[in-house]
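Novice: Predicted coordinates and the sequence they were generated for:
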Amino acid sequence: MASAQVPALNIPPNGLTRNGMVVLSGGSAANNLVDIFKTLIEGKKLNLSYVIPISDNGGSSSELIRVFGGPGIGDVRSRLVRLIPDDDDINSQTAAIRAFISHRLPDDPLAAKLEWLDIVEARHETWHHIPSSKKELIRSFLNLMNLEIVKRARPSSVFNFSSASIGNMFLTGARLFSGSFESAIYLLSTICSVPSTISVLPAINTNFSHHISVGLKDGTVITGQNAISHPSVPTALSQTPWSPISEIEAHDSIEDANLPGSLPSLRKQNIAFSKSDEEELPARIDRLWYINPYGQEIRVAANPKVLDAVDASRCIIYSIGSLYTSIIPSIVLRGVGEAIANQNIRYKILILNSTIDRETGPCSDPYSATDFIAAISKAAHESRGLSSPPTLDDYKTYVTHLIHLEGDGTPKVDKAELAGLGIQTLRVYGRKTELGKPARYDEKGLLQALEATIGNAEVRGDRSRRNTLEM
């Protein structure tokens, strides 16, 4: 008698069961969705991994990178702080730690330095209500940072404390002490009481800086995340990955903490940025790549833990945020595209931005939903080392579902076109906003859409509610 066939188990090659959800995101935009993702994994009993790029080189992070090297840590710190459990008691330990890690020094460099010394010497009011066990642990790494800052000081190059984030200073101190960015994240996660079912994973696990460049359709090259996404005024559209040798030599003649060959445009103190009144790009972004300190393109491998998380996931979510500086820097890394392409991952959900920004313009030629998916597919294809561009039939390999808003300023969604590509769409009715303000996702509506998409709930149709869904 023939033996009965045993159905194959849905187990990834590394032996992990598919009990995870991976969210690819940047910092501030996706922070607004943290509670939604937390509720979603609790209902599905999943582990959650946030994958965050480390290419941010703007604001106070630029000063840490200039003096100490290392990855851009601002978005990682931002997510860890957002994951601190809520507590209604404003005098609680968790509230005090959240306020302390979130604290920024004043804009004025002298006032910032004086306040930093107050913090290091435990005189500052932000230490109130933090238990002594955690206080002295945190302070030890801040003292180490202070020592390292003094050691690196030169008459021509001193550390600028202006607007420095205390959380960023702590993470850098912990990384320098342990020699491990991963260990620094673990330590801050423990101090912040981040739930054990949630991980914050840097896209690249490194102690070194990794910068990005983009090429526009008109041949323009822009170097550095800040110049791509939120440039200071005037914008640096004329940058190329190669700077004049004389300019490099002028910088290298001064002894400081910069790596030899580092591009001068990436060495500046406190690279400024603005999220308003940004100059439009003259053409669409064509592709993104990583560069070495000399500006040459390199193919960088992803953090192995990111690949493990994707291998163990049943759902991947491309969150709202800057397409080319928050999402694609993680996708284009070696290994990520292949992991995402796994057909055993049933749900690959793009939560479409509610507006067009600098990276998905210009206004004369704004991205549609299909263009967002095409950019993700192209980055994943490049990650896999495939020389030919993705075909329309490839899109569903990387994106299976699209959740979107509809209204003035939102990217155009052609449901018939996407259906023909094998991609399901789900419209969410967002929050009402002031006239002229961009639409925003309603938390209940977005949660309902995600639950309906991954099988937690049916689409329910009270058409009068603002969180109504429409297939």
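Specialist: Perfect, I can see it now. Residues are numbered from 1 along each chain as shown.
Novice: Could I get the full set of strands for the stretch 301-450 of the chain?
Specialist: Ranges of strands within the stretch 301-450 of the chain are 313-318, 347-351, 401-404, 424-428, based on DSSP state E, counting those that start in this stretch.
Novice: what's the burial count for K217?
Specialist: Applying other CB atoms under 10 Å, we find 13 other residues in the vicinity of K217. Backbone N, C-alpha and C define where each C-beta goes, glycine included.
Novice: okay, it: pLDDT?
Specialist: We have a pLDDT of 94 for K217.
Novice: Pass me the low-pLDDT residue ranges in the protein, would you?
Specialist: Applying pLDDT under 70 to the chain flags residues 1-17, 87-91, 232-261, 265, 267-278, 432-436, 438, 456-471.
Novice: now the strands: where do they sit in the stretch 101-250 of the chain?
Specialist: Using DSSP E, counting those that start in this stretch, the strands of the stretch 101-250 of the chain run over 198-202, 211-216, 221-223.
Novice: Just send the ones you listed back as JSON lines, with distance to N143 and mean neighbour count too.
Specialist: Rendered in JSON lines, the data for the strands of the stretch 101-250 of the chain read as follows (distance: least, CB to CB, whole Å; neighbours: other CB atoms under 10 Å):
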{"stretch": "strand 198-202", "distance to N143": "25", "mean neighbour count": "22"}
{"stretch": "strand 211-216", "distance to N143": "30", "mean neighbour count": "21"}
{"stretch": "strand 221-223", "distance to N143": "35", "mean neighbour count": "22"}
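Novice: I138 is nearest to which of the ones you listed?
Specialist: When the strands of the stretch 101-250 of the chain are compared for distance to I138 using CB to CB, the nearest one is strand 198-202, at 18.1 Å.
Novice: that older thread, closest one to H211 among the strands of the stretch 301-450 of the chain?
Specialist: Within these, the stretch nearest H211 is strand 313-318; the backing value is 22.4 Å (CB to CB).
Novice: What strands flank the closest one, and is each parallel or antiparallel?
Specialist: strand 20-24 (parallel), strand 347-351 (parallel) (DSSP bridges).
Novice: Just the C-alphas of the last one, formatted as CSV.
Specialist: What follows is strand 347-351, C-alpha atoms only, in CSV (Å, rounded to 0.1, in the frame of the first residue of the first chain):
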residue,chain,number,x,y,z
TYR,A,347,2.4,39.1,2.5
LYS,A,348,4.7,41.9,1.2
ILE,A,349,2.7,45.1,2.0
LEU,A,350,3.5,48.6,0.9
ILE,A,351,1.9,51.3,3.0
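Novice: ok so, going back, from the strands of the stretch 301-450 of the chain, which stretch is densest packed?
Specialist: Each of the strands of the stretch 301-450 of the chain was given a mean neighbour count from mean count of other CB atoms under 10 Å, and the largest, a mean of 26, is that of strand 313-318.
Novice: outside of that strand, which residues touch it?
Specialist: Counting by CB atoms under 8 Å, 6 or more residues apart in numbering, strand 313-318 makes contact with 18-24, 37, 46, 49, 310, 327, 340, 345-351, 376, 399, 450, 454, all of which sit outside it.
Novice: ok, back up a step: TSV for the strands of the stretch 101-250 of the chain, including distance to S383?
Specialist: Formatted as TSV, the entries for those read as follows, by distance: least, CB to CB, whole Å:
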stretch	distance to S383
strand 198-202	16
strand 211-216	14
strand 221-223	20
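Novice: and the closest residue in space to G179 that isn't next to it in sequence, how many neighbours?
Specialist: Excluding its sequence neighbours, the residue lying closest to G179 (CB to CB, 6 or more residues apart in numbering) is N207, at 6.8 Å. The burial count assigned to N207 is 16, neighbours taken as other CB under 10 Å.
Novice: Surely N207 and R175 touch.
Specialist: Yes - assessed by CB atoms under 8 Å, N207 is found in contact with R175 at 6.7 Å.
Novice: who touches both of those two?
Specialist: Once CB under 8 Å, 6+ apart is applied, the residues that N207 and R175 both contact turn out to be G70, F181.
Novice: that older thread, what would the strands of the stretch 301-450 of the chain look like in JSON lines with distance to Y441?
Specialist: What follows is the strands of the stretch 301-450 of the chain, written out as JSON lines (distance: least, CB to CB, whole Å):
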{"stretch": "strand 313-318", "distance to Y441": "13"}
{"stretch": "strand 347-351", "distance to Y441": "8"}
{"stretch": "strand 401-404", "distance to Y441": "9"}
{"stretch": "strand 424-428", "distance to Y441": "6"}
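Novice: what residues are up against the closest residue to Q343 other than its chain neighbours?
Specialist: Spatially, and ignoring its direct neighbours in sequence, Q343 is nearest to T397 (8.0 Å; CB to CB, 6+ apart). T397 makes contact with I340, A341, Q343, S377, A380, P390, according to CB under 8 Å, 6+ apart.
Novice: buried subset of those residues?
Specialist: For the contacts of T397, burial is judged from neighbour counts taken by 16 or more other CB atoms under 10 Å, and it is met by I340, A341, S377, A380, P390.
Novice: where's the last one relative to A375, distance?
Specialist: Yep, that's P390 we're talking about. 10 Å (CB to CB, to the nearest Å).
Novice: what's the answer for the first one, then?
Specialist: Using CB to CB, I340 is found at 14 Å from A375.
Novice: ok, now R358?
Specialist: 14 Å.
Novice: Counting neighbours, go ahead and name the busier of these two.
Specialist: Summary of the neighbour comparison: R358 and A375, criterion other CB under 10 Å, with A375 having more neighbours (23 against 20).
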